[in-house]
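[1] fold the following for me, if possible:
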Amino acid sequence: MGVSLAAVAVLAGAVGCQAGDGDKKAAGESKPATQHQSHADATQALTAAYQKTAAAKSAKVRMTMSMPASAPGGGDMEMTGVLGWDPTVMDMTMKGGAFGAAPGSPEQMRMVWQNNIMYMDMGAAGAKDMDGKRWMKLDLAAAAEASGDKAVQQQMAQGLENMNQDPAQQLALLLDSPNLDHLGPVTEDGVRTEHYKGKVTLDEMVASNKSLDTLSKQDRDRLLADMKKSGIKAYDTEVWVDKDGYPVRMDVDMDTPEGAVKVSAHYSDYGAAATVQAPPADETVDLFKMMKELGEGMKDGAGATAGTA
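    Residues are numbered from 1 along each chain as shown. Take a look at the predicted model:
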């Protein structure tokens, strides 16, 4: 489970760097006329791509992630399936060396995301430890609410917001890059595309992250300082857009003290219905409920022991 959550964190957090100013891009805000013409052309093309991608609301995706071996969940991983946005839904299968590195972990895992709840298929081996039920349920919002801790609730809310990692938001963030450039035509995945590239600094990413608006200035500054301690200074992003204005591929590279983190996502079938079905309740174990009951059992056991003494 830890490996799968690490993968989700990469997919939804570091990779996404969610942008919150896509609306102004959709409204047609232009860059200053003094900027280089290629930059202006690239901005215009990616603004159109942003609008079409945001309206599509779903796509099939094949994503590969490469993380340093020394990092948590390090190694290579591949995720394939369907991704929907606004609202967020996901049905992905994860596999790869990074995923199978944990002792006892299955060779691959299916992950379903619906209504802000994550379901993880722990396989036949996992079912042996969960009364024959192979699906584990993780309701982050419910866990945050039950904690009674405002800081935890805020963190969970931001995490859920950042799960909405659609390619349109990636484009909105890339549009903020001051050095956005058009690299020219190239064939990608057998499709004729136009290739664009830009770099977004950590400060620019935080400034664009709408989900951080709920933080006070003090908390926001502390968060930025903590992120800078991770050693990530900027995100190099590349996108390949087809003749219909949809991203065919998007790459994000980050340099960390442990080494390079590389993520490459290939998209297709934009606008196809993202049908995601949550597993049956009788095949599901609620992780938060299980941990809560375990904690209460340990508390009762400790009280009984103290009374006997």
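[2] my read is residue 45 is in a strand, agree?
    No: the assignment for residue 45 (DSSP: H, G, I helix; E, B strand; the rest coil) gives helix, which keeps it out of a strand.
[3] that one: what's it in contact with?
    Residue 45 makes contact with 182, 194, 196, 241, according to C-beta atoms under 8 Å, 6 or more residues apart in numbering. Quick note: C-beta positions are derived from backbone N, CA and C, even for glycine.
[4] poorly predicted segments of this structure, please.
    Counting by pLDDT under 70, the ranges of the chain that qualify are 1-37, 71-74, 98-106, 141, 143-165, 205-216, 219-220, 222-224, 226-231, 291-309.
[5] re earlier: the contacts of residue 45: which two are farthest apart?
    With distances taken as C-beta to C-beta, the most widely separated pair in those is 182 and 241, at 10.0 Å.
[6] which stretches in the stretch 101-250 of the chain count as strands?
    Assigned by DSSP state E, counting those that start in this stretch, the strands in the stretch 101-250 of the chain fall at 108-114, 117-121, 135-139, 181-188, 191-201, 234-242, 247-256.
[7] of those, which is nearest residue 169?
    strand 247-256 (10.8 Å).
[8] okay, buried residues for stretch 77-97 please.
    Of the residues in stretch 77-97, those buried under the neighbour-count criterion (16 or more other C-beta atoms under 10 Å) are 77-85, 88-92, 94-96.
[9] which ones among the residues you listed lie within helices?
    The helices, defined by DSSP state H, take in nothing from the buried residues of stretch 77-97.
[10] from these, which ones fall inside strands?
    Secondary structure defined by DSSP state E assigns 77-84, 89-92, 94-95 of these to strands.
[11] dump these to JSON lines, plus distance to residue 112.
    JSON lines is the format used below for those (distance: C-beta to C-beta, whole Å):
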{"residue": "77", "distance to residue 112": "17"}
{"residue": "78", "distance to residue 112": "17"}
{"residue": "79", "distance to residue 112": "13"}
{"residue": "80", "distance to residue 112": "14"}
{"residue": "81", "distance to residue 112": "9"}
{"residue": "82", "distance to residue 112": "10"}
{"residue": "83", "distance to residue 112": "12"}
{"residue": "84", "distance to residue 112": "12"}
{"residue": "89", "distance to residue 112": "8"}
{"residue": "90", "distance to residue 112": "7"}
{"residue": "91", "distance to residue 112": "5"}
{"residue": "92", "distance to residue 112": "8"}
{"residue": "94", "distance to residue 112": "12"}
{"residue": "95", "distance to residue 112": "16"}
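[12] wait, residue 75 touches residue 64, no?
    No: taking contact to mean C-beta atoms under 8 Å, the distance of 11.4 Å between residue 75 and residue 64 leaves them out of contact.
[13] just to revisit the earlier point, residue 182 and residue 241: who's more crowded?
    Between residue 182 and residue 241, counting by other C-beta atoms under 10 Å, residue 241 is the more crowded of the two (25 against 19).
[14] residues touching that one, list them.
    Contacts for residue 241 (C-beta under 8 Å, 6+ apart) come out as 45, 46, 49, 193, 194, 196, 247, 248.
[15] 10 Å - rerun?
    45-46, 48-49, 52-53, 171, 182, 188, 191, 193-196, 247-250 (C-beta atoms under 10 Å, 6 or more residues apart in numbering).
[16] again, but for residue 133
    Contact criterion C-beta under 10 Å, 6+ apart gives 122, 126, 127, 279, 280, 281, 282, 283, 284, 285, 286 as the residues in contact with residue 133.
[17] can we see that at 8 Å?
    Under the criterion of C-beta under 8 Å, 6+ apart, the contact partners of residue 133 comprise 127, 282, 283, 284, 285.
[18] can you tell me the SS state at residue 278?
    On the three-state scheme (three-state DSSP), residue 278 is labelled coil.
[19] the nearest residue to it once chain neighbours are set aside: how many residues sit nearby?
    Spatially, and ignoring its direct neighbours in sequence, residue 278 is nearest to residue 114 (5.1 Å; C-beta to C-beta, 6 or more residues apart in numbering). Residue 114 sits with 17 neighbouring residues when counted by other C-beta under 10 Å.
[20] show me what contacts residue 114?
    Listed by C-beta under 8 Å, 6+ apart, the contact set of residue 114 reads 89, 90, 276, 277, 278.
[21] quick check: the second one touching residue 63?
    No: counting by C-beta under 8 Å, residue 90 stays clear of residue 63, with 11.2 Å between them.
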